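>>> Provide a 3D model corresponding to the input given below.
(one chain, ligands or ions: 2)
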Amino acid sequence: MLPGIKRKWWKEAVVYQIYPRSFMDSNGDGIGDLRGIISKLDYVHSIGVDVIWLCPVYKSPNCDNGYDISDYRNIMDEFGDINDMKELIAGAHKKGIKLIMDLVANHTSDEHEWFIESRKSKDNPFRDYYIWKPAKDGKEPNNWMAFFGGKAWKYDETTGEYYLHLFADKQPDLNWENEKVRKSIYDLMNWWFEIGIDGFRMDVINMISKMPGMPNADNFLEQLSYVINGPRFHEYMQEMNREVLSRYDCMTVGECLGTTGDEVIKTVGEDRNELNMIFRMEHVCLDMDLMAGNMKKIDWKLSDFKKIFLEKDQLLDGIGWNSQFLMNHDQPRALSRFADDKEYRVESAKMLATFLLTLRGTPYIYQGEEIGMTNVAFDSIDDYRDISTFNTYNSELSNGVTSEEMLERIHSFSRDNSRTPMQWDESENAGFTKGTPWIKVNQNYKEINVAQAESDKGSIYHYYRDMIKLRKDNLVLVYGGFELLAEEDERVFAYLRGDGEEKFLVVLNFSKDETRFLWTGGESYKFQQLVISNYADRSLDTICDINLRPYEAKVYKLFN
Ligand code: GLC
Ligand code: CA
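Ligands and ions are numbered 1, 2, ... in the order given. Predicted structure coming up:
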């Protein structure tokens, strides 16, 4: 093991992300809920995961599916109540599964009592909980734009000032410079730890400290630089660590769009006392210009994709820990995006599983990824539910883009691609609900569902189980070094994992072409053992010359 890197349960864990609204509906109102999740804990356990990351379940008017919280100490009515939550935590713990919640602390809902008070008058005790500014030359205080489209400031008539909202206007940004705000957040975090949770995924956490003076920005990238990693960010994280995190044996992962280089090290360095891990977004920005905000597809190259993973790994080598994910509730389905969701759906989903589970860093699986769920393509914009999809659609239409073109882009990139209901079986609505689902089910549920996956030994689901077991049985796949091979190959992603004596070779064909991986480095090994692959019949290779069929994945153990 590397010096400087300590063994920790959260480094050895595999995480399963649940989007409650779309996971399982227990009472027929068409909306997934906590009792639905409880009823599926056996299934989650069967995959072999150790941690559940639960997307927000707090009380919320739902303008952004729970990322707009009106009460941090209560559960959204549609999802259940605090007793259901306690039962879920206990049920998971009984199976040896930990549970982390989503902490949304950059902003609240405008229906949170803090904001209701704050907007009442300029001298209200909660005024400074949010970021209020007077007009500048009769207009917004600066030219910042919201991530979900439109201006980042909203005028409030009661007091004649503007408040900042980096996301929807129903999501006012909290003012972290106010000590009382920080204290309130730490209190509620402690409250949840006392209830029994095991950690937090922290929503857009690198945005809590803004550039003083909030200068105008010429473009979105420049604006991003003013809202992330502000001058007090690390001070706040260390304070949070002191006041909350250090008191528990917990796990933390911060969502950190745009955080690179030194800032990564400062946030997750082992000696920094801030966060355990962050989510970096470079690989999910490769095929779409996130900053342009128009959902337009751009070409991506495997060699660039590889370099992102290499840079990420090297940056923290021996000093901190990475997270690894291919998708989440904000991203399209990884299978549809990076591989092939048609002819080679099964092979390529298994190939991606091999990839995710042999990287150094804690792997995060998103619900449905383990059965090879795919993007959805609704014919009408009316079938979509996501606020950012609507906002992008409308703003691009006003830029002159046709609705056909926009629907095509939405088919590739809408966040709703990953939010269609979990496909449990081939009964109506995929077994997700007995009522009308809040968002339509993907029509391919008759072929792609959990019941089918469980009964078929060759399914993607069984392959995930095998891969997780392989990772668990070989600590070197968790902690061992990562060495990229054939950096410029545009079809094959190959790398070594391990240190000294113990080594694994991972070879992945990211293309639908047959190809070969030639590796002279193999000459220094006496023999190799193929420990897993995603094709049933195994081709005969030498370690220096490996044949690969479409999306074939092979993992070898090497012996010298
Ligand atoms: C994060 C969440 C996303 C949400 C946004 C605003 O990016 O993952 O779902 O819309 O923050 O809270
Ligand atoms: Ca329900």
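
>>> Return the residues of this structure in contact with ligand 2.
Residues of the chain lying close to ligand 2 (Cβ under 5 Å from the ion) are 25, 27, 29, 31, 33. In this view, the C-beta of every residue, glycine as well, is placed from N, C-alpha and C.

>>> from those, which would you call buried?
Neighbour-count burial (16 or more other Cβ atoms under 10 Å) is assigned, among the residues of the chain next to ligand 2, to 25, 31, 33.

>>> Residue 23 is in contact with the second one, correct?
To tie it back to what came earlier, the one meant is residue 31. No - counting by Cβ atoms under 8 Å, residue 31 sits too far from residue 23 to count as a contact (10.2 Å).

>>> Can you tell me the centre-most residue of the protein?
For the chain, the residue nearest the mean C-alpha position is residue 328 (3.8 Å; Cα atoms, centre = their mean).

>>> which residues touch residue 160?
134-135 (Cβ atoms under 8 Å, 6 or more residues apart in numbering).

>>> Not counting sequence-adjacent ones, nearest residue to the residue of the chain found nearest ligand 1?
Here the residue of the chain nearest ligand 1 is residue 67; by Cβ to the nearest ligand atom that distance is 3.4 Å. Leaving out its chain neighbours, the residue that sits closest to residue 67 by Cβ to Cβ, 6 or more residues apart in numbering is residue 104, at 5.3 Å.

>>> what number of residues lie near the one you found?
Residues lying near residue 104 (other Cβ atoms under 10 Å) number 28.

>>> and what of residue 540?
By other Cβ under 10 Å, neighbour count at residue 540 equals 5.

>>> what about it, which SS state?
coil (DSSP: H, G, I helix; E, B strand; the rest coil).

>>> Start from the N-terminal end of the stretch 351-500 of the chain and give the helices.
387-398, 403-413, 450-455, 460-473, 475-479 (DSSP state H, counting those that start in this stretch).

>>> In CSV: the ones you listed, plus distance to ligand 1, mean pLDDT and mean neighbour count.
Converted to CSV, those look like this (distance: least, Cβ to the nearest ligand atom, whole Å; pLDDT from 0 to 100; neighbours: other Cβ atoms under 10 Å):
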stretch, distance to ligand 1, mean pLDDT, mean neighbour count
helix 387-398, 7, 95, 18
helix 403-413, 14, 97, 17
helix 450-455, 24, 98, 16
helix 460-473, 23, 98, 19
helix 475-479, 26, 96, 19
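
>>> and the protein, which residues reach ligand 1?
By Cβ under 6 Å from any ligand atom, the residues of the chain that approach ligand 1 are 64, 67, 104, 167, 203-204, 255, 329-330.

>>> Give me the PyMOL select line for those, limited to the buried ones.
The following PyMOL line selects those of the residues of the chain next to ligand 1 that are buried, judged by 16+ other Cβ under 10 Å:
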select buried, resi 64+67+104+167+203+204+255+329
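
>>> now, which of the residues of the chain next to ligand 1 lie within strands?
residue 255 (DSSP state E).

>>> where's the residue nearest to the centre of the chain relative to ligand 2, distance?
22 Å (Cβ to the ion, to the nearest Å).

>>> List the contacts of the spatially closest residue to that residue that is not a sequence neighbour.
Computed as Cβ to Cβ, 6+ apart, the closest residue to residue 328 that is not its neighbour in sequence is residue 366, at 5.4 Å. Residues near residue 366 by Cβ under 8 Å, 6+ apart: 17, 19, 325, 327-329, 334, 418.

>>> residue contacts, residue 231?
Residue 231 neighbours (Cβ under 8 Å, 6+ apart): 209, 211-212.

>>> Please, a ChimeraX command that selects the buried ones among these?
This is the ChimeraX syntax for the buried subset of the contacts of residue 231, where burial follows 16+ other Cβ under 10 Å:
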select :209
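
>>> got the contacts of residue 231 as JSON lines, with secondary structure, pLDDT and distance to residue 409 columns?
JSON lines is the format used below for the contacts of residue 231 (DSSP: H, G, I helix; E, B strand; the rest coil; pLDDT from 0 to 100; distance: Cβ to Cβ, whole Å):
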{"residue": "209", "secondary structure": "coil", "pLDDT": "98", "distance to residue 409": "33"}
{"residue": "211", "secondary structure": "coil", "pLDDT": "97", "distance to residue 409": "31"}
{"residue": "212", "secondary structure": "coil", "pLDDT": "96", "distance to residue 409": "37"}
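
>>> ok, so of the contacts of residue 231, who is nearest ligand 2?
residue 209 (37.8 Å; Cβ to the ion).

>>> Test my guess that that closest one contacts residue 236.
Yes - counting by Cβ under 8 Å, residue 209 does reach residue 236; the two are 6.2 Å apart.

>>> Quickly list what's touching both of the two.
Shared contacts of residue 209 and residue 236 (Cβ under 8 Å, 6+ apart): residue 176.

>>> Could you pull up the residues touching residue 391?
148-150.

>>> Of those, which one scores lowest on pLDDT?
pLDDT across those is lowest for residue 149, at 85.

>>> how much space between the residue nearest to residue 328 and residue 332?
11 Å (Cβ to Cβ, to the nearest Å).

>>> Residues in contact with both of these two, list them for me.
Residues touching both residue 366 and residue 332 (Cβ under 8 Å, 6+ apart): residue 418.

>>> about what we covered before: which one (most neighbours) among the contacts of residue 366?
Busiest of the contacts of residue 366 [other Cβ under 10 Å] is residue 334, holding 28 neighbours.

>>> Quick check: residue 272 touching residue 266?
Yes - Residue 272 is within contact range of residue 266, at 6.2 Å (criterion: Cβ under 8 Å).
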